[in-house]
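Enquirer: sequence and computational prediction follow.
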Amino acid sequence: MPMPSPQANDPHVPDHPFPIVGIGASAGGLEALELFLGNVPEKSGMAFVIVQHLDPTHKGIMVELLQRSTPLPVVQIRDRMRVQPDHVYVIPPNRDLSILHGVLHLLDPSAPRGLRLPIDFFFRSLADELQDRCIGVILSGMGSDGTLGLRAMKEKAGGVFVQDPASAKFDGMPSSAIEAGLADIVAPVAELPGRIIAYLKHAPFISRTDRPLEEKAQSALEKVFILLRTQTGHDFSLYKKSTVYRRIERRMGLHQIDRITTYVRFLRENPHETELLFKELLIGVTSFFRDPAAWEQLIRKFLPELLAARPGGGLIRAWVPGCSTGEEAYSLAIAFRESIKQVEAAWSFSLQVFATDLDKDAIDKARTAAYPANIAADLSPERLRRFFLKEERGYRVGKEIRETVVFAPQNVIMDPPFTKLDILICRNLLIYLAPELQKKLLPLFHYSLNPGGVLFLGSAETIGTFIDLFTPLDNKARIYRKIDSTIGAGPVEFPSSFFSAVPNAPEPLATQKPIPNLQVLADRMLLSKYTPAAALTSDKGDILYISGRTGKYLEPAAGKANWNIFAMAREGLRYELTAAFQKVLRLRDTVTLTGVQVENNGGVQMVDVTLQPITEPGALQGMVMVVFTDVPVPIVKAVPGKRPRTSVRSARLVELERELEQTRHDLQTTREEMQTSQEELKSSYEELQSTNEELQSTNEELTTSKEEMQSMNEELQTVNNEMQAKVDELSRAANDMKNLFDSTEIATLFLDDALNVRRFSRRTSQIIKLIPGDAGRPITDIASDMVYSGLTEDAQEVLQTLVPIEKTLAASNGRWFLVRIMPYRTLENRIDGVVITFTDITVSKKLEAELRKTQAALEKQIGEQNAELKRVGGRFHEDRNRGRTSKAAGIDGSGENGPSCHEKEK
């Protein structure tokens, strides 16, 4: 038996002694809920809280409908109601729901109708309340409500169970949860209660503290690390043991495995489970502007300070390690756009965000920049309007923001870091890592930041003992600034030198570097001394790699930093290089420029330029290698009588320079004309942009209306399901009434308050000439076998007096009926017509006639007998009287005198 729950006002509430299952459903959810609850045992020890999209203006009958499917008590939630095991709780309409210390709290919805996400709201609250004891269930419904709440549950190592979309009436919500990779179990709804019970039975909840593991468990855990590293290439031995062990125990519970040694064997036999465990360990909850107060501090204060410290503008570099599906990286880009308005020369700043994560699937999702509609709960309407595009299934980050963020898979523990950063955001990553690894990463972050760079950590993370590396800007928001120290904090251990944290792991064997042979030494010398300068570029001319000294041919352009080879080419090389580059891309073949004169520090350098397209390896296809080779000016001895060739060449150069100057002038004229055209195009573009914004605004309004209509449609679906259940119940009641009337053989006629035919039983049509089409006709228009001219008047009298009337009447066919007229009362005790019943009493009437006939015969016979008795009695009376008279006179019966008394005495 579970322990009783503490009172709602007890501030010291212990852990919940029983599981609480949150169930989210929407359109089509009534049928799924009935099936789910119908398969829950009466004494499961669990409490079920149902959150469904309900019409806020409709009084629901969900409680009554669900109560028919389960012996468990089903109640509608009231504010501050304490949760009890083996109970079902249903959210009321037009309310949001949260839970704190085992008590349910009802809140007024903050979002307008159509944007409410009550399932997400409650699931997040349940995850915070129960941690790894939380269980979420998603059933039939449209949209994606519940997905973000399930992600919060997964972060806390809770269980997620989803109805198989194939069995759902509407598969939107189940499919959204599955596509997000959050579902632990996907099954038909009838199987989910049994799967939950099995999961709870085999999933012991471990302590949330970092307790030491037993030796056998520690050994098995290290074997799990080895299997993960072998299959995925990633080492989790530096993660917190309690966190990893909790995730492993959760997977064991899903497979109903009790011992970790058995799970190790299961991993070896099922490589797919290793991949699932890898994904389990990578799951982290993220959202746009998580911890809004901290982000607000960054936007309003510290980012403007960072920008103001660079009055000349330039590129702001940022790194977001452990970015998951990209919400925080895009949040930083949005924050930058909002903060830049607070500084002067905002136009001169640009942002480059590097976002990395270990999970390649998460990176792929982040690159799409597509998110479900329920992110509206984390973003203001203004941010949604400015930085997102509304799509059919949710939102997509706008192009302006997407272009500032570069996503890449990276293991922050093993791969080199990004450097020269102005801001580094690492939120809720360090809390999963062992302390020894945290002590290596924080100095690395210090090394990666520029002087005065900003470090932004999660709400549960701090810089620890590294107060000599960072100074707090806002301790509560976990925002720090890099300290520039001439002393330093010791050598930085780069990821390549990080070691495994598995205890007693053997040290790697020291290996001697191979001594290079003569050929290798010669190759190195040739490469370092005699290799021509070269640059590897993209197909757009952006420089990706430089070899050798290219300063004689390339120089940084004035203004904003630009690493494009055409912008950096020195005078005399730019136009020839541009034409040759286009030719290489068009012909896909090597192009060589010879004798190009490049101005260099007041002089001229002759150079040959070779442009070669890269075809192998595949990763470099589309790139172009540009090789620069100096050409020495030939020395020619002067010949008497002849003009030196150098003079002729110089004259030719002057002529060519004049032609080049004219060409440049013509080009400048063309550029000015093109610029004018561009201005006109820009004006047209602005007009189109304005029209596009108007259309976008109209589209947003239509989208909002569509969302509201979708929400109302879901609510109507729920109401429709309830009404359908009510119709089915009424249909059963009508069938019961029909069978009752047919079995009693009592003719019944229902008239409304205007005495029109409303309904009649089958037997009635044998007395009154009724057919189904007579419904609604006045009773006075219907022919009848009854000799009852006063039927209408009697019915009117019953409507007025509410006193029933009974009469015995004969029909034209000789049959007799007992007619009873009674008022028709509704459940609300309202009079809505009359009910007339016709009971066939013909047999009774015949018996009554025979009884009367028999009675008459008996009475006649009795009369005759009475008359005879009277005669006999009269005669007897006369004889008696005569006898008495004779005795009195002394005369006997013969007429003679008899003896006297004295004689007789003698």
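Expert: Nice, I can see it.

Enquirer: please make it C-alpha for all contacts and neighbour counts, starting now.
Expert: Fine.

Enquirer: who does N564 bridge with?
Expert: Note on N564: beta-bridge partners by DSSP bridges are D542.

Enquirer: what about it, how many neighbours?
Expert: By other Cα atoms under 10 Å, 17 other residues sit near N564.

Enquirer: same question for F266.
Expert: Neighbour tally, F266, other Cα under 10 Å: 16.

Enquirer: helix, strand or coil for it?
Expert: helix (DSSP: H, G, I helix; E, B strand; the rest coil).

Enquirer: per-domain residue ranges of the protein.
Expert: Listed by automatic domain parsing, the domain ranges of the chain are 20-201, 215-282, 292-497, 521-633, 742-840.

Enquirer: would you mind finding the most buried of the ones you listed?
Expert: domain 20-201 (a mean of 21; mean count of other Cα atoms under 10 Å).

Enquirer: what's the first-to-last distance across it?
Expert: One end of domain 20-201 sits 14 Å from the other (Cα to Cα, to the nearest Å).

Enquirer: and it, average pLDDT?
Expert: For domain 20-201, mean pLDDT is 87.

Enquirer: next one: it to chain centre, how far?
Expert: 12 Å (Cα atoms, centre = their mean, to the nearest Å).

Enquirer: same thing with stretch 237-254?
Expert: For stretch 237-254 - counting by Cα atoms, centre = their mean - the centre lies 25 Å from the chain centre.

Enquirer: over to stretch 609-619?
Expert: With Cα atoms, centre = their mean, you get 47 Å for stretch 609-619.

Enquirer: now swap in stretch 307-322 and tell me
Expert: With Cα atoms, centre = their mean, you get 35 Å for stretch 307-322.

Enquirer: same thing with stretch 856-876?
Expert: Taking mean C-alpha positions (Cα atoms, centre = their mean), stretch 856-876 and its chain are 103 Å apart.

Enquirer: can you give me the strands in the stretch 701-850 of the chain?
Expert: Secondary structure of the stretch 701-850 of the chain (DSSP state E, counting those that start in this stretch): strands at 747-751, 757-760, 805-810, 816-825, 831-840.

Enquirer: in CSV, list these along with mean pLDDT and distance to G548.
Expert: Below are those laid out as CSV (pLDDT from 0 to 100; distance: least, Cα to Cα, whole Å):
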stretch, mean pLDDT, distance to G548
strand 747-751, 86, 105
strand 757-760, 84, 102
strand 805-810, 84, 118
strand 816-825, 88, 103
strand 831-840, 87, 102
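
Enquirer: coming back round to it: tabulate the domains of the chain (JSON lines), appending distance to E661.
Expert: Output for the domains of the chain, formatted as JSON lines (distance: least, Cα to Cα, whole Å):
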{"stretch": "domain 20-201", "distance to E661": "62"}
{"stretch": "domain 215-282", "distance to E661": "60"}
{"stretch": "domain 292-497", "distance to E661": "33"}
{"stretch": "domain 521-633", "distance to E661": "11"}
{"stretch": "domain 742-840", "distance to E661": "102"}
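
Enquirer: quick revisit: the strands of the stretch 701-850 of the chain into CSV, with extra columns for distance to P443?
Expert: As requested, the strands of the stretch 701-850 of the chain are arranged in CSV below (distance: least, Cα to Cα, whole Å):
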stretch, distance to P443
strand 747-751, 90
strand 757-760, 88
strand 805-810, 100
strand 816-825, 85
strand 831-840, 86
